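Engineer: task: produce atomic coordinates for the following.
(one chain, ligands or ions: 1)
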Amino acid sequence: MELWFAEMHTPHIKLGFRFKKEIAHVKSRYQDIHLLDTHEYGKLLIIDGTVQTTEKDEFIYHEMIVHPPLFSHPNPRKVLIIGGGDGGAAREVLKHGVSEIHIVEIDEEVVKISRKYLPTISSAYGDTRVHLHIENGSDFIKHAGKFDAIIIDSTDPVGPAESLFQRDFYENLKEALNPGGVISQQCGTPFYHPEELCGVYSIVKDIFKHAAIYLAYIPTYPGGMWSFIMASDVPLERRRKIDFKTKYYNDEIYYSSMVLPNFVKEHCKKD
Ligand code: AG3
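Structural biologist: Predicted coordinates:
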């Protein structure tokens, strides 16, 4: 018998993964979490039926949620990650030689499963500069102190992550940034849900002096094309060249990822 998991991208479209076995299944206080061993993509982490990360393509998402914002900063020291319980974003942040990383993850079970079964993604937890807080990110940010960069590595904007896509959250983020600080956030699939991206973009560009939409190509996420936003009160420029190894991000991609197809520009009324 063949075992298949499929994420519904719309009620009429799904992407299926043939898998060998289910490694773990936990129903936490917040979400339904599965870890599958797939034939094509290595281990696959699923939350509430949506693909979060796979061993084979996680590098694209984790490099792209981290490196464009961090290379926009001349010398990031203290970084906050909201969500990101699997540790993949923290692993990339460590490459910048930062002094402190705080991960605020609402669901401890995501951390436990990742640490146990996804060692290449969760390796940052072994570093003494990484501090984990099991708390709601939108509460944490009100008493968090100040950071050079804040990365919002959340699930989709329904369920536990909903408050991370609302205006007062971004106002609090701005308060929690040091001068020259920068934020980034994943904003979903521009092909199927442009309103998610454009909603965040219109709030963020109101609150910060500079905001940019940028894209990456992620085979296992709905639509394949994925959107992110970064924002700051200083102009978004590449302030350093890369001096470590990556598999997706490079100096050219810093700028080319901000070049948008017309349908995205038009949806977000951006010229
Ligand atoms: N967080 C964003 C995943 C969103 C995917 N959405 C979907 N498949 N419908 C990824 C967490 C990785 N650290």
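Engineer: now do the strands in this protein.
Structural biologist: Taking DSSP state E to define them, one finds strands in the chain at 3-10, 13-27, 32-38, 43-47, 50-54, 78-83, 100-105, 130-134, 147-153, 177-188, 210-217, 225-232.
Engineer: go ahead and name everything in contact with the longest one.
Structural biologist: Under the contact criterion CB atoms under 8 Å, 6 or more residues apart in numbering, strand 13-27 has outside partners 2-9, 32-41, 43-44, 51, 109, 112-113, 116-117, 220, 222. (C-beta placed from N, C-alpha, C; glycine too.)
Engineer: separation between residue 87 and the ligand?
Structural biologist: As judged by CB to the nearest ligand atom, to the nearest Å, residue 87 and the ligand stand 8 Å apart.
Engineer: just give me the neighbour total for that residue.
Structural biologist: Counted with other CB atoms under 10 Å, the neighbours of residue 87 add up to 30.
Engineer: now the one 10 residues further on
Structural biologist: Residue crowding around residue 97 was assessed by other CB under 10 Å; the count is 12.
Engineer: let me know the pLDDT of it.
Structural biologist: On pLDDT, residue 97 comes in at 96.
Engineer: can you check residue 164 too?
Structural biologist: Value listed for residue 164 in the pLDDT field: 76.
Engineer: backbone phi and psi for the nearest residue to it once chain neighbours are set aside, please?
Structural biologist: Leaving aside its sequence neighbours, residue 164 sits nearest to residue 154 (CB to CB, 6 or more residues apart in numbering; 4.9 Å). Torsion angles at residue 154 (phi, psi; degrees, to the nearest 10) stand at phi -110, psi 180.
Engineer: distance check, residue 154 against the ligand.
Structural biologist: From residue 154 over to the ligand the distance is 6 Å, taken as CB to the nearest ligand atom.
Engineer: let's number from 672 now, not from 1
Structural biologist: From this message on, residue numbering opens at 672, which makes the last subject residue 825.
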